[in-house]
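Colleague: Give me a model of this one.
(one chain, ligands or ions: 1)
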Amino acid sequence: MSISPTKVRLCALADLTDGEARGFRVSEFDPKVIVVRRRGRLHAYLDSCPHYRPGTPMAWKRDAYLNGQGTRLACHSHGAEFDIETGECVIGPCLGQSLTRVDVQIDREGGVEAILNVYGEEIA
Ligand code: FES
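Modeller: Model prediction:
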């Protein structure tokens, strides 16, 4: 079994408004990837709440990943809230646990790329 990082283009940077969070489904990869643009920086996590079983989605409707004030990521199942910069749960039933960070970068054309680890068997 090997791990190979794969770059996947999610959207154009211009499509993300500062203070906004969006979820992206990446083919052959589950769960979605959440990207938040905040104060000129991008933060990305798997859409998988650590309170429940892996893969539990956090939004109650499309792209509803932030709390009412837009200050934290939120899981709407049981009210957990997560620091946008660190992914750590700061309110709710999974205090001290964290979302799984996804590395992102801006490509030459101004696109937002996620760098995902794909697990697979090497074929000789
Ligand atoms: S599943 Fe997210 S807070 Fe319970």
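
Colleague: Alongside the ligand, which residues does this protein contribute?
Modeller: 49, 51-52, 56, 75, 77-78, 80, 92-93 (C-beta under 6 Å from any ligand atom). Heads up, the C-betas are built off the backbone N, CA and C, glycines and all.

Colleague: Check whether Trp17 really touches Arg37, as I assumed.
Modeller: Quick fix: residue 17 reads Thr, not Trp. Yes: using C-beta atoms under 8 Å, Thr17 is in contact with Arg37, at 6.7 Å.

Colleague: Any of the residues of the chain next to the ligand buried? List them.
Modeller: 49, 51-52, 75, 77, 80, 92 (16 or more other C-beta atoms under 10 Å).

Colleague: Which of the residues you listed fall in helices?
Modeller: Among those, no member falls in helices (DSSP state H).

Colleague: Who are the packing partners of whichever helix or strand Val8 is part of?
Modeller: Per DSSP states H and E, Val8 falls inside strand 2-12. Contact here means 3 or more C-beta pairs under 8 Å, 6 or more residues apart in numbering; DSSP states H and E; on that basis strand 2-12 packs against strand 20-26, strand 29-38, strand 111-120.

Colleague: List the buried residues in that strand.
Modeller: 8, 10.

Colleague: Tell me the strands beside it, with direction?
Modeller: Paired strands of strand 2-12, with direction, are strand 111-120 (antiparallel) (DSSP bridges).

Colleague: ok now the partner strand, how far from the chain's centre?
Modeller: Mean-position distance between strand 111-120 and its chain equals 12 Å (C-alpha atoms, centre = their mean, to the nearest Å).

Colleague: per-residue confidence averaged over it?
Modeller: Averaged across strand 111-120, pLDDT comes to 83.

Colleague: For that strand, buried residues please.
Modeller: 111-114, 116.
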